[in-house]
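[1] A structural model of the following input is requested.
(one chain, ligands or ions: 1)
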Amino acid sequence: MVMKINQFTDEIILLFNQRPDKLLQMLIKIQRQYSYIPQQAITQLSRKLLLTEANILSVIGFYSFLHKKSRGSYDLRISDNITDQMLGSTAITSMFSNKLSVQLAIPRKDGRVCVDSTSCIGMSDQGPAMLVNGMPVVSLNKKRVESICQLIESNSPLNQWPKSFFHIKNNIQRKDILLTDCSDNGAAISALINQGSQNIHQQIEHSNLRGRGGAGFHTSLKWRSCKDAIAKRRYVVCNADEGEPGTFKDRVLLTTQPDKVIEGMTLCAGIIGNEIDNNGRLENSDQLTGGFIYLRGEYEYLYKSLQRVLQRRRDAGLLGKNILGVKGFDFDIEIHLGAGAYICGEESALIESLEGKRGIPRNRPPFPAIKGYNNQPTVVNNVETFVNATLIAIHGACWFKKIGTAQSRGSKLLSISGDCDRPGVYEFPFGTSIRHILDDCGAQNVQAVQVSGPAGFTIPAQDFDRYIGFEDVPAGGSFMIFNQQRNLLDMVKNFGEFFVNESCGFCTPCRVGCSLLMQMIDRVHQKISTNHELCEIKKLSHLMIQTSHCGLGSSASNSVMDTLKYFPKLYQQQLNHSDDESLFDLQGELLQARQLTGDDNV
Ligand code: SF4
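    Numbering: from 1, shown residues only. Below you'll find the predicted structure:
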């Protein structure tokens, strides 16, 4: 066994050219083989990559999909987003635990199966859902759970399970300019070669395209900063780490429009690095560019199909060397897999992860466009942003500006889930009201909508005439609907747990703040809280916003603060009594310390 592990590890190390920055990719492959990372593999990696074992262990510990202990032949991770819970994921989890006689997160004694929960896996439109050895299984119900348990007990390999279990629907419910486009592959690159990099960059600038990941930074500005930075090598990264709970529109774009995503990246390379003049010749032949698609671990099932698209494009001269016959226009793309870390959606953490490290957000400035991957200028854009860039290159800025608002041009893809008749992906022009969106997806008696995930905004019914747009309700992609029957505190509690799990632990205000916030939310939920505690929540939220190192910590309290503002009665009715005193139980808190020390005087 030892020999086999060493041999396999050597093969993996060679596959990645013994590059330490490929550590995460190596670990993912080793785990796929053994279902965990054996110690022999860690020792071997340490020797060959000249990394300390402590370094490798810290990377394993950081990513929730990597493990040092076996989780068995069947590793079940049930998606735990609030929308999964609304569809019955808690009961589904209990069914699995009971039928398979296994405790949550603890591998069964025979070492064959483990049942665990995980953050949203990007299937909120067809939940409850789970990953089995990394493969998504959707629409879980009692019957499906029973079949799966039988398949596990009979040791049936995954490729013999019914195909319907793994059938992922795209659920596109509304199309606009982006989803109806049928342009040929290569049309945007042809436009680049015919019109030159400068002209196409101007079109992107005139279109006022803004990043679709949520922050809304101007795309042309980011590209210009990267282009103007002094360097010989530049990088283009597609952020396909769609980790915001309730979001799944990038999953659908990567399934239905992968060519447009890759073409947008190639276009970017042709603008920031391989500048092309309007005679279709390269102006700057000593500039090198490289590309990555950072694909979230939950979407590993898309890896092979994306590899096929990349190869097809290389074969068609749309990727690789001398693209479309332009000598020196070289650009290629690698796919880099994530391993279950929400924070890696933050662009500087994503770059750390690309370099094989733990995804700890960097200090900014310098921004990645100036100093990114391997300290070289790097453009990081969202999947949807690259698709928009492709279409602007083909059709021009005027076409793009025909819809949307003055500050928010074009359309936005929304992942709609929760209490509505038709969950799925909807494309709306910016400027569409929340009320209109709710009508379209068949939502009734709506109490609130959570836009842009747990880090986003809670929109109450009185604000449904507000509209999606960077100037009003900035929408990253997640749009979760809660009707009047829902207890919004369940949502707040779910988000609180999510942030506790996903805080990277680097800075104290977030690491400790998220846990304290969760404890206080829990007490409100259990009706053992007081007004004093509500004041403490506000103070803590303020502190986290002011002092956290990155956006995760500064947005972790958004849902509790929004619901406190818009739904004060919700909290008041939960209070144990409304005086201003804390219900802190000093003796209860000391009990554990007394038991540990055996000293009753503590
Ligand atoms: Fe990590 Fe949270 Fe600090 Fe961001 S705010 S660096 S996620 S601990």
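
[2] now residue 566: how far from residue 470?
    22 Å (C-beta to C-beta, to the nearest Å). The C-beta positions use only the backbone N, C-alpha and C, and glycine is treated the same way.

[3] That should have said residue 327, apologies.
    Counting by C-beta to C-beta - residue 327 and residue 470 are separated by 40 Å.

[4] Pick out whichever of residue 566 and residue 470 has more residues nearby.
    Ranked by neighbour count (other C-beta atoms under 10 Å), residue 566 and residue 470 place residue 470 first, with 20 against 17.

[5] OK, contacts around the nearest residue to the more buried one once chain neighbours are set aside?
    With sequence-adjacent residues excluded and distances taken as C-beta to C-beta, 6 or more residues apart in numbering, residue 470 is closest to residue 216, at 4.2 Å. Counting by C-beta atoms under 8 Å, 6 or more residues apart in numbering, residue 216 makes contact with 210, 408, 470, 474.

[6] Model confidence for the residue nearest to the first one when sequence neighbours are not counted, exactly?
    Spatial nearest neighbour of residue 210, chain neighbours left out: residue 216 (4.3 Å); criterion: C-beta to C-beta, 6+ apart. With respect to pLDDT, residue 216 scores 91.

[7] Would you confirm that residue 216 belongs to a helix?
    No: secondary structure assignment places residue 216 outside any helix; it is coil (DSSP: H, G, I helix; E, B strand; the rest coil).

[8] What are the phi and psi values at it?
    Residue 216 has phi and psi values of phi 70, psi 30 when expressed as degrees, to the nearest 10.

[9] now it: how far from residue 385?
    Between residue 216 and residue 385 the distance is 10 Å, computed by C-beta to C-beta.

[10] Over to residue 400?
    According to C-beta to C-beta, residue 400 and residue 385 sit 12 Å apart.

[11] May I have the residues that are in contact with the residue lying closest to residue 193 once chain neighbours are set aside?
    Nearest residue to residue 193 in three dimensions, chain neighbours excluded: residue 280, at 4.4 Å (C-beta to C-beta, 6+ apart). The contact partners of residue 280, by C-beta under 8 Å, 6+ apart, come to 193-194, 196, 326.

[12] Could you tell me which of those residues count as buried?
    193, 196, 326 (16 or more other C-beta atoms under 10 Å).

[13] helix/strand/coil for the residue lying closest to the second one once chain neighbours are set aside?
    When the adjacent residues along the chain are set aside, residue 196 lies closest to residue 278, with 3.5 Å between them (C-beta to C-beta, 6+ apart). Here residue 278 is recorded as coil under three-state DSSP.

[14] ok, residue 313 touching residue 319?
    Yes: between residue 313 and residue 319 there is a contact at 4.2 Å, judged by C-beta atoms under 8 Å.

[15] what touches both of the two?
    residue 262.

[16] From residue 236, how far out is the residue nearest to residue 196?
    22 Å.

[17] Just the CA atoms of the helix or strand encompassing residue 307, as CSV, please.
    Assigned by DSSP states H and E, residue 307 belongs to helix 303-315. Output in CSV follows, covering the C-alpha atoms of helix 303-315 (Å, rounded to 0.1, in the frame of the first residue of the first chain):
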residue,chain,number,x,y,z
TYR,A,303,-14.5,19.9,-15.5
LYS,A,304,-14.4,17.3,-18.3
SER,A,305,-16.9,19.1,-20.5
LEU,A,306,-15.0,22.4,-20.1
GLN,A,307,-11.7,20.6,-21.0
ARG,A,308,-13.4,19.3,-24.1
VAL,A,309,-14.5,22.9,-25.1
LEU,A,310,-11.0,24.2,-24.5
GLN,A,311,-9.6,21.4,-26.8
ARG,A,312,-12.2,22.0,-29.5
ARG,A,313,-11.3,25.7,-29.5
ARG,A,314,-7.5,24.9,-29.7
ASP,A,315,-8.3,22.6,-32.7
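
[18] what's it packed up against?
    Contacts defined by 3 or more C-beta pairs under 8 Å, 6 or more residues apart in numbering; DSSP states H and E place helix 303-315 against helix 258-272, strand 288-295, strand 333-337.

[19] mind checking which of the ones you listed is nearest the ligand?
    strand 288-295 (17.1 Å; C-beta to the nearest ligand atom).

[20] burial of the residue in the stretch 151-300 of the chain that the ligand sits nearest to, as a residue count?
    Of all residues in the stretch 151-300 of the chain, residue 243 sits closest to the ligand, at 12.1 Å by C-beta to the nearest ligand atom. Per other C-beta under 10 Å, the neighbour tally for residue 243 reads 23.

[21] Look at the residue nearest the centre of the chain and give its secondary structure.
    Compute the mean C-alpha point of the chain, and by C-alpha atoms, centre = their mean the closest residue is residue 243, 1.8 Å away. Three-state call for residue 243 (three-state DSSP): coil.

[22] can you check the one 3 residues further on too?
    Assigned by three-state DSSP, the conformation of residue 246 is coil.

[23] That one is in contact with residue 481, isn't it?
    No: judged on C-beta under 8 Å, residue 246 makes no contact with residue 481 at a distance of 9.8 Å.

[24] Which of the two has more residues huddled nearby?
    A side-by-side neighbour count of residue 246 and residue 481, using other C-beta under 10 Å, places residue 246 first with 29 against 26.

[25] residue contacts, the more buried one?
    81-83, 120, 124, 415, 417-418, 450, 453, 478-480.

[26] sorry, back to before: are there residues contacting both of residue 246 and residue 481? Which ones?
    417-418.

[27] any residues in contact with both of residue 400 and residue 385?
    Common contacts of residue 400 and residue 385, defined by C-beta under 8 Å, 6+ apart, comprise residue 209.
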